[in-house]
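J.: missing the sequence, but the structure's below:
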């Protein structure tokens, strides 16, 4: 997968924000598939969620939010 520098930076930014570097490949795939605006909205929503309401991890929640309704917003 060939990402632009901007896409790679975004994938790293998201992974760092979610403390989810183990899933960097998944974040790269999402950055290649979905628009930056869409991903940032889902990231904001994920980070705003209280930890007590998160079942697995912020990374898992983020992935669920992105993939749950993301097909309508692909780039």
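T.: Everything's here; your move. Since we're looking at a predicted model, the values are computed, not measured.
J.: quick one: residue 68 is in a strand?
T.: No. Under the criterion used here (DSSP: H, G, I helix; E, B strand; the rest coil), residue 68 is helix, not part of a strand.
J.: could you report the neighbour count for it?
T.: 9 (other CB atoms under 10 Å). The C-beta positions use only the backbone N, C-alpha and C, and glycine is treated the same way.
J.: residue 3: helix or strand, and which one exactly?
T.: Using DSSP states H and E, residue 3 is not contained in any helix or strand.
J.: wait, it sits on residue 29?
T.: No. The criterion here is CB atoms under 8 Å, and residue 3 misses it with residue 29 at 9.7 Å.
J.: confidence score at residue 1?
T.: The model reports residue 1 with a pLDDT of 81.
J.: now it: how far from residue 11?
T.: 10 Å (CB to CB, to the nearest Å).
J.: okay, and the common contacts of those two?
T.: residue 28 (CB atoms under 8 Å, 6 or more residues apart in numbering).
J.: who has more neighbours out of those two?
T.: residue 11 (22 against 8).
J.: average model confidence for the helix or strand containing that one?
T.: Using DSSP H and E, residue 11 sits within helix 5-17. For helix 5-17, the per-residue pLDDT values average out at 97.
J.: name the residues of whatever helix or strand comes next after that helix that are buried.
T.: Counting by DSSP H and E, the element after helix 5-17 in chain order, helix or strand, is helix 24-33. Across helix 24-33, burial judged by 16 or more other CB atoms under 10 Å covers 26, 27, 28, 30, 31, 33.
J.: tabulate those residues (JSON lines), appending pLDDT and distance to residue 16.
T.: Shown next, in JSON lines, are these (pLDDT from 0 to 100; distance: CB to CB, whole Å):
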{"residue": "26", "pLDDT": "96", "distance to residue 16": "14"}
{"residue": "27", "pLDDT": "97", "distance to residue 16": "10"}
{"residue": "28", "pLDDT": "97", "distance to residue 16": "13"}
{"residue": "30", "pLDDT": "96", "distance to residue 16": "15"}
{"residue": "31", "pLDDT": "97", "distance to residue 16": "13"}
{"residue": "33", "pLDDT": "95", "distance to residue 16": "20"}
